[in-house]
Every structure is written in C-alpha cells, then in structure tokens.
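*Asks:* I would like to see how this sequence folds:
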Amino acid sequence: MTTTRFIIASSSDPAMRYAVPYHVSDPFIYIEQSGTKTVLIGILEYEAMREALAGSDIVVEKLEPYLREAKERAPNAPRDALPIVIAEHFGMLEGEIVVPPSFPLHIADLLRDAGAELRDARPFSPERAVKRAEEIASIEQALGDTCNAFRHIEQVLHEASIDTDGTLHYKDAPLTSERLKREVEHILLDHELLASEGMIIAGGVQSAIPHHEGAGVLRAHEPIICDIFPRHRPSGYFADMTRTYWKGEPSEQYITRYIAVLEAHVRALVTIRPGATGAEVHAACTEAFIERGIETADDTGFIHSTGHGLGIELHEEPNLSPHNTAPLVAGNVVTVEPELYFPGWGGIRIEDVVVVTEDGYRDLTTYPKTLEDSIIM
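*Replies:* Presented below is the predicted three-dimensional model:
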C-alpha cells in the first residue's frame, strides 16, 4: 500500500514551508510518494518556483492541466473536483494519505467521500526537531542580525535622560515601549528580519507579566525586558533572544535577582547534552534558584519552562519543561530562558539559543549578558 504525504497550504503553514523552501503567499500542493516529491502550482508562480528549486529533489509541475480536467468533469464545481482528479492521477485513493493537522477539512471530506483513507499525523514532520546544518546556519544568521536591534536598544537607553519623575526621555520626547519597538522594527527590516509575531519591550510591573508586549513610557530604576523574536525573511527561520536592562544606578534587589537568573541560565547550559532530558535542564534552573532561597508560587518566581525548540516556527519541539522526559539529541535547537517574575516589581529574563552537539552544546547567541552589560548609566 502506497503512503502519500499530502499538503495543501501556502508557505505560511509550517509543514509546507519545511517541505518546500520557497515562499508562496497562496495555497499550492505538495505530494510525496516513495521518496518522489512533487509540487503542483499555478502558472503565475510556476517559473519562479522552478527557478528557485532548480537542483533540489522537488519536481515542479503546473496545476492548470489538472484544473482543466476538473472543469471538464464538474463545470459547476471544478475546485471540488480538483483534489479528486489529483488523487486519481497520483494513485492516492488506493493507499493511505497522511496530512498535517492544518489540512483543509472540506477537502478531507471530499477525499474520504471518494474512498480515500486519510490520517492526521501529529507531528507531520518529526524530523524537524533535528536541524540540518543549513537550518542551524539560518537560525545563527538570524540571531546574529538580531543583535543589531539590541545594540540599538542599548544606545537609546544610554542616550536617554531621566526626568525628575523617573521617566525616560530620548531626543526631547518621552521614550515609550511603542516608540522603541518601532525603532527596533526598522533595524530588523534593514537586516531582512520581520517582527511577524511582534516583540516585547516591557518595563516595570509590565515586565513581571511573561507575555506583556509593553506599553507606555519607560522608566529608570526598574527592569526593562526586551524579547526580540523575528523571522529571517529569506529562509523563514526564527531568532529568539531576550535581555533585561536597568537604566540608572541599580538596586541591590535587581543585582541579586539578575545574578540568580544568570546563574540558572549557566546551569541550564552546562546540563545540555545528548541524552539529557528537558526535565533535567529545567530542574537545573530550579535548583539554582532554590539554592539562593528564591521560592516559586503560582505567579511569582520561576513560573514557566526553561525553553522551547526553535526553527521554522517560533515554538516547536523539543521543550525544556519539567514534563519532557525525552532525551535531547544532537541537532536539537532550543532556547534557554530562565526567568524570575515578581508582580508589583518586575521581571528578569535572559535568553540564548543553543544547538545540541555530539558532546554538549554550542551557543548560537553571541551577545553579552553579564550583570554589568545589563546596567545602562
């Protein structure tokens, strides 16, 4: 029995973008059978895709001949007939069709009515968890380019003045989270990075809310969490990087808590190796905080997992969580982002991205993160 892997989606769908390394805004078709990979695409995109995929193992065909046959078979509903025509042409009705969770339901119903056997595969491409060399290079490039955004943030904070009420001013105007995020977006665009999922620049009490994007005027003498996670436009792969800053003379509380997060971060890094589990990496962070007397409650302290997989999606496998007992393997790419949150005060988070190697890990984020680097005078 032939098994067919079948995707109908645009390149915004992770399964399609992983299968076909070329961006197309409209849905097209991918078929994989016995190692043969075929793309069916409309004439508007055909030549560009054929050129982009030249030398790959993907065969690019025009969709129009199949659509013509569908129109002849069902003049009033050619789009409904099209998946059946394609399935018959590729012999898909005689075997199993494996589809991603995002596969269109109405097309699945049409195929099942025609006698097809469909299976929703979760995950659709488990091999995505182990990155190829070119994928690691794309993530590393995206991270390297993202560092320019952090350099700009530090420059702005350095040049900003502190008003009598503690608010920050930059170039004679209040420095808001929104303004700084706009400036960062320009920096990212200059390096072919898209803030497609937003970003976080959150100060003070907002920084104690893990996914608060930040709003309003930034202030001195409180933490400012900057979490930048853009997508690299050419490759489609994400970067993800967090640094925490303090403008002005730091409090002892900030120093103590920052050092604790940095220690947990380092403990997590040295735990990462093939065979270690996500739970073990997370436990290393937990132990580091406990040793410093930092307790965790529902919304206080170390409240979320240590990290997550990164690649063509911002969050993918594997996870560095207390529930993940699967061993890490060489080629896994994960974030390492321990944190502390204190409602009413603020939060501190430090995030790098690492790749698991044969004998440990390699940090793909080469950007300073010492206590001294976090303090902007």
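
*Asks:* ranges for the strands of the stretch 251-377 of the chain?
*Replies:* Counting by DSSP state E, counting those that start in this stretch, the stretch 251-377 of the chain has these strands, from start to end: 307-309, 316-320, 333-336, 339-342, 346-349, 352-357, 360-363, 375-376.

*Asks:* Could you look over these and pick the most buried one?
*Replies:* The highest average neighbour count among these, using mean count of other C-beta atoms under 10 Å, belongs to strand 333-336 at a mean of 26. All C-beta spots, glycine's among them, are computed from the backbone N, C-alpha and C.

*Asks:* Extract the C-alpha set from it and format it as CSV.
*Replies:* Taking Å, rounded to 0.1, in the frame of the first residue of the first chain, the C-alpha atoms of strand 333-336 are listed here in CSV:
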residue,chain,number,x,y,z
VAL,A,333,17.9,23.7,18.7
VAL,A,334,16.4,25.1,21.8
THR,A,335,16.0,28.4,23.7
VAL,A,336,17.4,28.7,27.2
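
*Asks:* Let me see the residues that make contact with that strand.
*Replies:* 131, 135-136, 139, 240, 265, 268-269, 272, 281, 306-311, 318-320, 328, 351-356, 364 (C-beta atoms under 8 Å, 6 or more residues apart in numbering).

*Asks:* How about stretch 99-115?
*Replies:* Residues outside stretch 99-115 that contact it (C-beta under 8 Å, 6+ apart): 5-9, 13, 15, 80, 83-84, 87, 92-93, 97, 118-122, 124.

*Asks:* List the contacts of stretch 118-130.
*Replies:* Residues contacting stretch 118-130 (C-beta under 8 Å, 6+ apart): 5, 15, 18-19, 96-101, 103, 108, 111-112, 309, 311-312, 316-318, 329-332.

*Asks:* just the buried members of those?
*Replies:* Neighbour counting over the contacts of stretch 118-130 (16 or more other C-beta atoms under 10 Å) leaves 5, 15, 18-19, 97-100, 103, 108, 111, 309, 311-312, 316-318, 331-332 as the buried ones.

*Asks:* any idea which element the residue in the chain sticking out farthest from the centre lies in?
*Replies:* Distance from the C-alpha centroid of the chain, by C-alpha atoms, centre = their mean, peaks at residue 72 (43.7 Å). Using DSSP states H and E, the element containing residue 72 is helix 64-73.

*Asks:* Could I get the buried residue list for that helix?
*Replies:* For helix 64-73, the neighbour count (16+ other C-beta under 10 Å) marks 66-67, 69-71 as buried.

*Asks:* go on, stretch 256-263?
*Replies:* For stretch 256-263, using 16+ other C-beta under 10 Å, the buried residues are 257-258, 260-263.

*Asks:* One more: stretch 279-291?
*Replies:* By neighbour count with 16+ other C-beta under 10 Å, stretch 279-291 contains the buried residues 279-286, 288-289.

*Asks:* Identify, from the residues you listed, the entry nearest to residue 235.
*Replies:* The nearest member of these to residue 235, counting by C-beta to C-beta, is residue 281 at 26.7 Å.
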